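> Just a sequence and a predicted model for now, questions to come.
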Amino acid sequence: MLSMALAALDGTIVSTAVPQIVGDLGGFSVFSWLFSGYLLAVTVTLPVYGKLSDTFGRKPVLVAGIILFVIGSLLCATAWNMAALIAFRVVQGLGGGALQGTVQTVAADLYPLKERPKIQAKLSTVWATSSVAGPALGGLFAGYLDWRWIFLINLPVGAIALWLIVRHLHEPHREPKTGTSRVDWEGALAVFATGALLLTALVQGGVAWPWVSLPSLSFFGAAAVLAATTVVIERRAAEPIIPGWVWRRRTIASVNLALGALGLLMVAPTVFVPTYAQSVLGLGPIAAGFVLSTMTLSWPVSAALSNRVYNRIGFRLTAITGISFAFLALLAFPFLPFPGSAWQPALIMLLLGGALGLFQLPLIIGVQSTVGWSERGTATASILFCRQVGQSVGAAVFGAVANGVLAARLANAPGLPSDVDEISHTLENASALTTQTADYLRRAVDAAVDDVFLGAAGAAAIALLILVFVAPKRFPVIQEQDKSDS
């Protein structure tokens, strides 16, 4: 849990300190790469670390990930300009990729099937707590100490986590595979390069350059060429980083696609609900964060109780139930009254979190239960990788949707801003606007967020169709041995 806290807290604590970081280091035009660079590094290394953990064991990968993350944090605290800070955030991300996938795999290794929901729910509470505590700590450090403390705080947490893992995590002895275990470093490099180019194109498209432009087409074209090269390399490799069985097995392939759709739809609540709460409802940052936090409170509770459902009806039907309720919750958001009250979107977020807890966790546990120890790291990393890629695609697609709606709404309103960030800034100084103008801007934001949630409901529908028509009716669960020796 401490290891997971390093990655979870880092994703939220930085956001509130951005004004102070930019004020100290400059680089306002590229500060978004503080998040994008970290996301890129985490995403593209997930399958690499998954394969390494299957080859060498979970403990050495987890230890290396913590050390790399702590080194990256220390370097971030010493950054002298924005370029250096972005580069050191990438180093952090290289360690974060090891933490996210390997912790989930260790949980499946150490706990039998009937106990996994409890430990997975505890891991979910780490993310829930971080989503609430992270912004508060970031604001505290940036306002009363120095923004560099948001990175220095990782050092004692990482040191304690490292000590506990080295001292107490004892993996049972396992017979090595027949033959020589060889790491497919060529495949790892190809996967890393392909993912970096693709995610860069998705993150920067429509922001740094237009979608239909030479830089955008160049990045997508280069990513396509590298993807084809990666397939060739992986087919020839004796121990590929992304083995073909990940996609040939119906259970894993369907869960990969379903969690890719989850990453896509998650952009709507996590990115656009705070903007909606502040720009449409007129709430402050803390109150807006509370509206979103109701989702992170109900998610781990639902996940912890999911075993009582899937032990009765199975992994697939439990996930179908969860995503069906998530679809209804997302579809209900556009029907909220304007401007409405804060409890209304908070209630929808509460229901959405409960639904997604029933959806995600049974699928992760279900996949982990269909593979043995030597394949569990790769299988877990593959589904987390697909979720991360879905989130990157969702940020690009729904960002374009929101900006398109705003541009259309404000086309006949000269002098008014045309994107979410500028509108939010304008509405912060609403006293300088006429009542009619402020109301017009709020309605424009409301329309943009409504369309984003309709798109998110479409992503939930896709996940539902995948589970209904692609996923097997029963997951082929492997009978487990007694794990008392763990």
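Cool, got the structure. Numbering: from 1, shown residues only.
> buried ones in stretch 192-210?
By 16 or more other CB atoms under 10 Å, the buried positions in stretch 192-210 come out as 192-207, 209. Backbone N, C-alpha and C define where each C-beta goes, glycine included.
> Pretty sure residue 151 sits in a helix.
Yes - with DSSP: H, G, I helix; E, B strand; the rest coil as the criterion, residue 151 is assigned to a helix.
> Contact partners for residue 314?
Taking CB atoms under 8 Å, 6 or more residues apart in numbering, we find residue 314 in contact with 473, 474, 475.
> Surely residue 262 is in contact with residue 388?
No - the pair residue 262 and residue 388 fails to qualify as a contact (CB atoms under 8 Å) at a distance of 10.6 Å.
> what about residue 147, distance to residue 88?
The span separating residue 147 from residue 88 equals 14 Å under the rule CB to CB, to the nearest Å.
> quick revisit: now the contacts of residue 314: which count as buried?
Burial of those was assessed by neighbour count (16+ other CB under 10 Å); the buried members are residue 475.
> buried stuff in the helix or strand where residue 468 lies?
Assigning secondary structure by DSSP states H and E places residue 468 in helix 435-469. Of the residues in helix 435-469, those buried under the neighbour-count criterion (16+ other CB under 10 Å) are 438, 441-442, 444-453, 455-457, 459-464, 466-467.
> Using a markdown table, lay out the contacts of residue 314 together with pLDDT.
As requested, the contacts of residue 314 are exported to a markdown table (pLDDT from 0 to 100):
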| residue | pLDDT |
| --- | --- |
| 473 | 89 |
| 474 | 89 |
| 475 | 89 |
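> which one among the contacts of residue 314 gets closest to residue 57?
The closest of the contacts of residue 314 to residue 57 turns out to be residue 475 (CB to CB; 25.7 Å).
> I figured the closest one was touching residue 251, is that so?
Yes - using CB under 8 Å, residue 475 is in contact with residue 251, at 5.4 Å.
> closest to residue 151 among the contacts of residue 314?
So of the contacts of residue 314, ranked by how close each gets to residue 151 (CB to CB), first place is residue 475, at 41.0 Å.
> Phi, psi for the closest one please.
For residue 475, the backbone dihedrals (degrees, to the nearest 10) come out as phi -70, psi 130.
> Check the spacing between it and residue 315 real quick.
Shown here: residue 475 relative to residue 315, a distance of 5 Å by CB to CB.
> Also residue 68?
If you measure residue 68 against residue 315 using CB to CB, the figure is 34 Å.
> try residue 84
From residue 84 over to residue 315 (counting by CB to CB), the distance is 46 Å.
> Residue 385 against residue 47, yeah?
Yes - using CB under 8 Å, residue 385 makes contact with residue 47 at a distance of 5.3 Å.
> Buried residues of stretch 57-76, list them for me.
Neighbour-count burial for stretch 57-76, with 16+ other CB under 10 Å as criterion, is recorded at 57-59, 61-66, 68-76.
> Identify all contacting residues around that stretch.
Contacts of stretch 57-76 (CB under 8 Å, 6+ apart): 3, 6-7, 10, 49, 52-53, 85, 88-99, 102-103, 105-106, 109, 148, 151-152, 154-155, 158-159, 161-162, 165-166, 169, 171, 377.
> can you check stretch 383-395 too?
Contacting residues not belonging to stretch 383-395 are listed as 39, 42-43, 46-47, 100-101, 104, 195, 198-199, 202-203, 252, 255-257, 259-268, 271, 363-364, 367, 456, 459 [CB under 8 Å, 6+ apart].
> and it, how far out from the chain's middle?
Between the mean C-alpha point of stretch 383-395 and the mean C-alpha point of its chain there is a distance of 7 Å (CA atoms, centre = their mean, to the nearest Å).
> Distance of residue 226 relative to residue 232?
Taken as CB to CB, the spacing of residue 226 relative to residue 232 amounts to 11 Å.
> where do the contact lists of residue 475 and residue 251 overlap?
Overlap of the contact sets of residue 475 and residue 251 (by CB under 8 Å, 6+ apart) consists of 366, 367, 370.
> what's the longest helix in the chain?
Taking residue count as the measure and DSSP state H as the definition, the longest helix of the chain comes out as helix 373-409.
> Can you tell me which helix or strand of the protein has the lowest average pLDDT?
Averaged element by element with mean pLDDT, DSSP states H and E, the chain has its least confident helix or strand at helix 420-428 (a mean of 59).
> What pLDDT is listed against the residue nearest to the spatial centre of the chain?
For the chain, residue 388 is the residue whose C-alpha lies nearest the centre (CA atoms, centre = their mean; 5.1 Å). What the model reports as pLDDT for residue 388 is 83.
> Fine by me, thanks again.
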